[in-house]
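# quick one: sequence plus predicted model below, questions after.
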Amino acid sequence: MKNIAIFASGSGTNAENIIKYFANDEIVNIALIISNKKDAFVHERVKSYGIESVTFSKNDFETTDKVLDILKEREIDFIVLAGFLLKVPENLINAYPDGIINIHPALLPKYGGKGMYGDNVHKAVVENGEKESGITIHYVNENYDEGAVVFQAKCPVLPSDSYEDVAKKVHILEYTHFPVIIEKLLKD
């Protein structure tokens, strides 16, 4: 059994999609939700699945081993960032080499880095007249959005598209591909 922790800062739609995908899996177990926001809707969203969710402060995350200790206590094998907005500290990166992945709502290396998340990305894509956007699933390293790319999927951006239209297309790609890529990484 592979125990997975999902880190999320927001509403948790990607987290829930992953939980549903692995609901009856014999190898992958979504064991823990970790957030840096106690009011993030992800906590409410996962209650019905009986999955423990924990909140920690930014300071605890960045300057202590509290999160690492929780992960070790729960025997977590792999970490998935799903809408998690803090930079992952070195202690976690060192403890989980090639064991932390993130999904980014653009085709990296474009539109990555600090502050480039969610609607900020989609607005930039539209404002710059891009002809396509998409998702990038990548390993996490010490820099925002610079880890090795695992997978990318593209969608067209039409001249008539608003940033909300692009967001909808990207969300479809996230929901379709993220659980499948997690499964491949854990089972291959």
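That came in fine, so what should we check first?

# ranges for the helices of this structure?
For the chain, the helices defined by DSSP state H cover 13-21, 41-47, 58-63, 66-73, 90-95, 118-127, 163-187.

# buried set for the third one?
This means helix 58-63. 61, 62 (16 or more other CB atoms under 10 Å). No exception for glycine: its C-beta is placed from N, CA and C like everyone else's.

# which secondary structure elements does it contact?
helix 66-73 (3 or more CB pairs under 8 Å, 6 or more residues apart in numbering; DSSP states H and E).

# not counting its neighbours along the chain, what's nearest the spatially most central residue of the chain?
Among the residues of the chain, the one closest to the centroid is residue 82, at 2.2 Å (CA atoms, centre = their mean). Closest residue to residue 82 apart from its sequence neighbours, by CB to CB, 6 or more residues apart in numbering: residue 14 at 3.9 Å.

# residue contacts, the one you found?
By CB atoms under 8 Å, 6 or more residues apart in numbering, the contact list for residue 14 reads 8, 82, 83, 103, 174, 175, 178.

# thinking again about what came up before, check the helices of the chain for me and report the most buried one.
With neighbours defined as mean count of other CB atoms under 10 Å, those peak in mean count at helix 13-21, which reaches a mean of 20.

# what angle sits between it and helix 163-187?
Compare the direction of helix 13-21 with that of helix 163-187 by axes from the mean of the first three to the mean of the last three CA atoms, to 10 degrees and you get 40 degrees.
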